[in-house]
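1. Show me how the following folds:
(one chain, ligands or ions: 1)
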Amino acid sequence: MAKSDKKAKKATSKPSKSSKNEIQVGVGGELHPVTNNRDQSMTTNQGTVISDDQNSLKSGSRGPTLLEDFVLREKITHFDHERIPERIVHARGSGAHGYFQAYPNNSSLTCAGFLQDPSVKTPVFARFSTVAGGAGSVDLPRDVRGFAVKFYTQEGNFDLVGNNIPVFFIQDAMKFPDLVHAVKMEPDRGYPQAATAHDTFWDFISLMPESMHMILWAMSDRTIPRSLRMMEGFGVHTFKFINQRGQMKFVKFHWRPKQGVASVLWDEAVKINGADQDFHRRDLHDAIERGDFPEWELSVQVFDQKKADSFPFDVLDPTKLIPEEMVPLQPIGKMVLDRNPTNFFAETEQVAFHPGHLVPGIDFSDDPLLQGRLFSYLDTQLSRLGGPNFHQIPVNQPRCPMRNLQRDALMQMTAPTGRVSYEPNSLDPDSPRENPTAGFESERTTQSGEKLRERSRTFMDHYSQARLFYRSMTAPEQNHIVKAFSFELGMVETSSIRLRMLGHINIVDPDLGKRVAKALGLEGQAEKVTPAIAPIDMAPSPALSMLAKARPTLSGRKIGLLISDGVQQGTLDQLCRAAEKEGAVVELIAPKIGGIKSDNGQIISPKHAIAAAPSVFYDAVILVLSEAGAKALQSDPAAMAFVRDAHAHLKVIGFVAKAMPLLKAAGIEAGEGVVNIDKSSGLSAFVKQAKNGRVWERA
Ligand code: HDE
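-> The predicted structure is shown next:
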């Protein structure tokens, strides 16, 4: 018996306390260092030091466990209650801390304190989420993404709880539970998880013409983002800014990523979900850990009532956007995310957003969807976080003084002092009082009208902006919309739902309708749908296209470098330097995780073995192989899939001449973004092409 095993056996029968800090307690032959220094001792939640965290209290070493074992019962009870109800929507999310900094000269727009002084950094917590799936679902389903930011301002918390799409499916809060029930897994069978491609979703959508604009966005590449860092964010509803003089302007909020907007292809999304279901969460975490802090610019579209009245749509209707060509974006500040949460549950899970968390200078509009949300978010925290004291959880606490006369309730964490908990009072002159000069005030508006349940006629054009969106896309983006509709409707089992949807798509754009019908093999079979209001042709808005406004960059992108034994060390170093100069991250991938030996005998440890690093993880790939390496990899299915997929996903592929046999074996020729980096200026050609993203000509 090894020396340590002997010790373990002895310790199991009777833990021996040595005079040193460290003692050894054995379980199953393993050794666990424990300390008898009171400062580091494990205790119960009541502070009693635990002597044995390995064994429950039994009557004899093989006897029954005793009920009096309060250490065991406390541990198990706490464990049993570790989960709290997950969010009914947006359950899967990833968060990060950071700061917001205003640009100068916002005072004519709003008196909101955090938007005034450019030298002030307002702390923020941002959470990005999918909508439909549960907390443990994959990161890349076709889905809208939540984009929620909590600003801890000196005037209280302001939550901008938006999405990565500027419009929404429905116009009235009354329909939200129906929408969510339709998209979630079907209640009888319990599937599909995190997917819109099923009957109940399309049944609902096909009966809700108001969802047509949003569904066009949902079928676009916006719903399969490359990274949470590469998404735009939108406040969706019309809000109000109010300045010091009490003047009101309507605003729409926009977040623009400094990293650029980018998406994956559907086939990549499917493969990424299988290979790394935490793809987005990992990407955000890793970027922040390596100091590549994601950044967004916050802009507003500002307009007054007169301008609003001139639009051919209603600004209170959340299924409509205002094209930037009609009202340009006005930048007001930037957000940088520079710190990962310390504890996922305490922060990302327990953070409680609410569109009703407002500060002076910002106000709501009468958008009926927003009005319904103002009830929902507070209500949902009561069941999720256990009661009305959720603002005392650290991630939710305001960072400015907070005091009032609310008392008690579940999970009260503070011990308010004094005799007085009511107002007015004469007993405590220091107790909190209202402040009519500095306090939050809603914009004074005149409200009058009949009490009724009715949808405004100004909300009834459901197709014009869906058409605007489709016609503003580039050809590859339109192709993807056709493919997405064909896939999703192809998954629908009920034929009448498919035909009804085709009827709607025909109104959006007859050419789109034809293409989808053709892809489904249902030409000429669409149901006839009559719109409540005939759509109009709006001027296309290139700003809606991701591709049209993409700027060449490799910053924050990932390059996968496939290497093998005998690879030239010099080439490798040169490549890494060139990529890093552009701000790209390089990951080395080798046939085996144990590493490879370069031409100068140096052992190089890869980040991944090829079997664990499909090319869908990367924005571009480079093959730096020796002759023998390229030959050996031809019989490795993972390596063949690596190059075939990179090619099929239109990625720029760099290669050294010796790697050509691997490309040949995969049926890939040089040219069209397949770049020989051994040639003179080959490397700069690779960088130039990779900066442009995908090679669309190859599609
Ligand atoms: Fe939400 N939504 N929502 N929503 N929503 C929630 O609140 C709700 C809507 C959005 O990272 C819930 O705390 C109703 C639009 C985000 O924690 C819940 C209606 C937009 C998040 C809720 C809407 C959003 C939520 C679930 C229609 C874009 C995640 C858990 C009237 C502008 C925030 C929670 C986070 C979360 C209700 C519509 C965005 C149930 C009733 C429109 C980003 O309260």
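2. Test my guess that residue 497 contacts residue 207.
-> No - the criterion here is Cβ atoms under 8 Å, and residue 497 misses it with residue 207 at 9.0 Å. Any C-beta I mention is one placed from the backbone N, CA and C, and that applies to glycine too.
3. more crowded one of those two?
-> Comparing residue 497 with residue 207 by other Cβ atoms under 10 Å, the one with more neighbours is residue 497, at 21 against 13.
4. what sits against the closest residue to residue 370 other than its chain neighbours?
-> When the adjacent residues along the chain are set aside, residue 370 lies closest to residue 237, with 4.2 Å between them (Cβ to Cβ, 6 or more residues apart in numbering). Listed by Cβ atoms under 8 Å, 6 or more residues apart in numbering, the contact set of residue 237 reads 252, 318, 355, 364, 365, 367, 369, 370.
5. Helix or strand: which one has the third one?
-> Residue 355 belongs to no helix or strand when assigned by DSSP states H and E.
6. That one contacts residue 371, doesn't it?
-> No - using Cβ under 8 Å, residue 355 makes no contact with residue 371, being 9.8 Å away.
7. and for these two, which residues touch both?
-> In contact with both residue 355 and residue 371: residue 364, using Cβ under 8 Å, 6+ apart.
8. Could you check which of the two has the larger neighbour count?
-> Between residue 355 and residue 371, counting by other Cβ under 10 Å, residue 355 is the more crowded of the two (22 against 16).
9. Would you map the helices across the stretch 501-650 of the chain?
-> 510-520, 569-581, 627-633, 637-648 (DSSP state H, counting those that start in this stretch).
10. do you know which of these lies nearest the ligand?
-> The closest of the helices of the stretch 501-650 of the chain to the ligand is helix 510-520. By Cβ to the nearest ligand atom, the value is 25.1 Å.
11. and for the closest one, what are the contacting residues?
-> So helix 510-520 is contacted by 470, 478, 481-483, 485-486, 489-490, 498, 502, 505-507, 523-526 (Cβ under 8 Å, 6+ apart).
12. Same question for stretch 360-373.
-> 110-113, 115, 155, 158, 161, 168, 170-174, 176, 237-243, 248, 250, 315-318, 355-356, 358, 374, 438-443.
13. Which members of the residues you listed are classed as buried?
-> 110-113, 115, 155, 158, 161, 168, 170-173, 176, 237-243, 248, 250, 315-318, 355, 358 (16 or more other Cβ atoms under 10 Å).
14. Of those, which fall within the contact range of the ligand?
-> Among the buried ones among the contacts of stretch 360-373, the residues lying close to the ligand (Cβ under 6 Å from any ligand atom) are 161, 168, 173, 176, 318.
15. Turn the residues you listed into JSON lines, columns for pLDDT and secondary structure.
-> Shown next, in JSON lines, are those (pLDDT from 0 to 100; DSSP: H, G, I helix; E, B strand; the rest coil):
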{"residue": "161", "pLDDT": "98", "secondary structure": "strand"}
{"residue": "168", "pLDDT": "98", "secondary structure": "coil"}
{"residue": "173", "pLDDT": "97", "secondary structure": "helix"}
{"residue": "176", "pLDDT": "98", "secondary structure": "helix"}
{"residue": "318", "pLDDT": "98", "secondary structure": "coil"}
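16. got CSV for the residues you listed, with distance to residue 293 too?
-> Shown next, in CSV, are these (distance: Cβ to Cβ, whole Å):
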residue, distance to residue 293
161, 22
168, 30
173, 36
176, 34
318, 31
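17. who's whichever residue of the stretch 101-250 of the chain sits closest to the ligand bridged to?
-> Distances between the stretch 101-250 of the chain and the ligand by Cβ to the nearest ligand atom are smallest at residue 146, namely 2.7 Å. Residue 146 has these beta-bridge partners by DSSP bridges: residue 129, residue 163.
18. center of the chain, which residue is that?
-> residue 128 (3.2 Å; Cα atoms, centre = their mean).
19. quick one: the helices in the stretch 251-400 of the chain?
-> With DSSP H, counting those that start in this stretch, the ranges of helices along the stretch 251-400 of the chain come out as 266-275, 279-289, 305-310, 344, 368-385.
20. and of these, who's closest to residue 213?
-> Nearest of the helices of the stretch 251-400 of the chain to residue 213, taken as Cβ to Cβ: helix 368-385 at 13.5 Å.
21. For that closest one, buried residues please.
-> Buried residues in helix 368-385 (16+ other Cβ under 10 Å): 368, 369, 370, 371, 373, 376, 377, 378, 380, 381, 384, 385.
22. Please, where are all the strands along the stretch 201-350 of the chain?
-> Here the stretch 201-350 of the chain has its strands, by DSSP state E, counting those that start in this stretch, at 233-234, 239-242, 248-257, 295-303, 330-339.
23. How about the stretch 51-200 of the chain?
-> Under DSSP E, counting those that start in this stretch, the stretch 51-200 of the chain gives strands at 93-102, 121-130, 145-153, 156-163.
24. can you list those strands in a markdown table and add distance to residue 306?
-> Shown next, in a markdown table, are those (distance: least, Cβ to Cβ, whole Å):
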| stretch | distance to residue 306 |
| --- | --- |
| strand 93-102 | 27 |
| strand 121-130 | 32 |
| strand 145-153 | 30 |
| strand 156-163 | 26 |
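25. do you know which of those lies nearest residue 283?
-> Nearest of the strands of the stretch 51-200 of the chain (Cβ to Cβ): strand 93-102, 8.9 Å.
26. Remind me what the closest one packs against, helices and strands.
-> Here strand 93-102 is seen to pack against strand 121-130, strand 145-153, helix 279-289, strand 330-339 when contacts are counted using 3 or more Cβ pairs under 8 Å, 6 or more residues apart in numbering; DSSP states H and E.
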